[in-house]
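Peer 1: Pasting the sequence and the predicted model now:
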Amino acid sequence: MMIRFECDYTEGAHARIMKRLMDTNEEQTPGYGMDEHCERARAYIRKACQAENADVHFLVGGTQANTTIIASILRPHQGAVAASTGHIAVHETGAIEATGHKVLTLPSDDGKIKAEQVKELYDAHWNDVTHEHMVQPGLVYISHPTENGTTYSKSELEAISKVCRECGMPLVMDGARLGYGLTAKDSDLSLADIARLCDVFYIGGTKVGALMGEAVVIVNDALKKDFRYSIKQHGGMLAKGRLLGIQFETLFEDGLYYEISQHAVDMAMMIREAFAEQGFSFRYDSMTNQQFPILPNEALLKLSEKYSFSHWEKVDAENSAVRFCTSWATKKENVEMLIKDIKAL
């Protein structure tokens, strides 16, 4: 049977979540996230973020979260600033554009953008005498970790946040894999830092132990009004909302979110070390659950006999960059088997 390393949502949900869902299956609760489980989950998340006044909403998935957040913030003539590799720019089938908002991309090799780039784009727009004929930059979107497994340092996020606030552009963080970023060994960011520096962000559940669901955290008071209307309009509101609340309640009541995220990162570091010991280089310097070794095509053919992984990009005629992705449920014995085969290349 193929051992899968191509993404972090190949498995279902953590056993404790499944048990909690079963234990509460026949409870009768209000719908649409207005139940006691959702309220407890909100309280846990606010405490973890050290943001007692934050609004917390549970949406069914990442694309719904991104489109709902962005559409709720922007006026019709505004667009979202993002890295050229950003999820909303390349992996959401034009979902943002379908809501009437252009994605304004900045060049990026590693998935991150810099504060200086944001300021340059903002100044270029407003210094152009014909700016009213162009899409106005209205918010800045980043991912942590990025599509390439890279993470923002506290100083980098502080610099971007400072520029965004000077320019009056809300800062939005996509946290689909946030747990894996927070537990990366080179991370100096906490949830409290993110809540302090971002206007809106979301905590990913789909890729970090839940069956599905994302927790959107709105810190900026000016962006809170009528957000539930936007959730409903953009298809992100679940009638049986308690199913999302129960999952985040379980993930955050006693640190399970961090525990399972750390496991995924630990497994990825074992894989990274094995490739490095064999002399292979990496396309991106990722300390998260996504690893991007550059391997000879012949070696990839050999590994693909037993393992599934993602082909990322062709490096040259003989070599390709690929992605090995671990998850909260990755089995150590499978990683050890992979390491044995890496050493045999």
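Peer 2: Ah, there it is.

Peer 1: Every contact and neighbour count from this point should use C-alpha atoms.
Peer 2: OK.

Peer 1: longest helix in this protein, by residue count?
Peer 2: helix 256-277 (DSSP state H).

Peer 1: Provide a list of residues in contact with the nearest residue to residue 50 once chain neighbours are set aside.
Peer 2: Excluding its sequence neighbours, the residue lying closest to residue 50 (Cα to Cα, 6 or more residues apart in numbering) is residue 192, at 5.4 Å. Contact analysis of residue 192 by Cα atoms under 8 Å, 6 or more residues apart in numbering lists 48-51.

Peer 1: Helix or strand: which one has residue 192?
Peer 2: Per DSSP states H and E, residue 192 falls inside helix 191-197.

Peer 1: Mind listing what's buried along that helix?
Peer 2: For helix 191-197, a neighbour-count test (16 or more other Cα atoms under 10 Å) marks 191, 194-197 as buried.

Peer 1: right, and out of those residues, which lies closest to residue 267?
Peer 2: Ranked by distance to residue 267 (Cα to Cα), the buried residues of helix 191-197 are led by residue 191 at 22.6 Å.

Peer 1: Just the pLDDT for that closest one.
Peer 2: Here the pLDDT value assigned to residue 191 is 98.

Peer 1: That one contacts residue 48, correct?
Peer 2: Yes - when contacts are counted by Cα atoms under 8 Å, residue 191 is listed as touching residue 48 (6.6 Å).

Peer 1: Look up phi and psi at the most centrally placed residue in the chain.
Peer 2: Geometric centre of the chain, nearest residue: residue 176, 2.5 Å, by Cα atoms, centre = their mean. Main-chain dihedrals, residue 176, degrees, to the nearest 10: phi -50, psi -40.

Peer 1: got it, and residue 234?
Peer 2: Torsion angles, degrees, to the nearest 10, at residue 234: phi -100, psi 20.

Peer 1: Enumerate every residue touching it.
Peer 2: Residues counted as contacts of residue 234 (Cα under 8 Å, 6+ apart) are 64, 67-68.

Peer 1: let's see it at 6 Å
Peer 2: Residue 234 sits next to residue 68 when contact means Cα atoms under 6 Å, 6 or more residues apart in numbering.

Peer 1: Kindly state the pLDDT recorded for it?
Peer 2: Looking at residue 234, its pLDDT stands at 95.

Peer 1: Check the one 4 residues further on too.
Peer 2: The model reports residue 238 with a pLDDT of 97.
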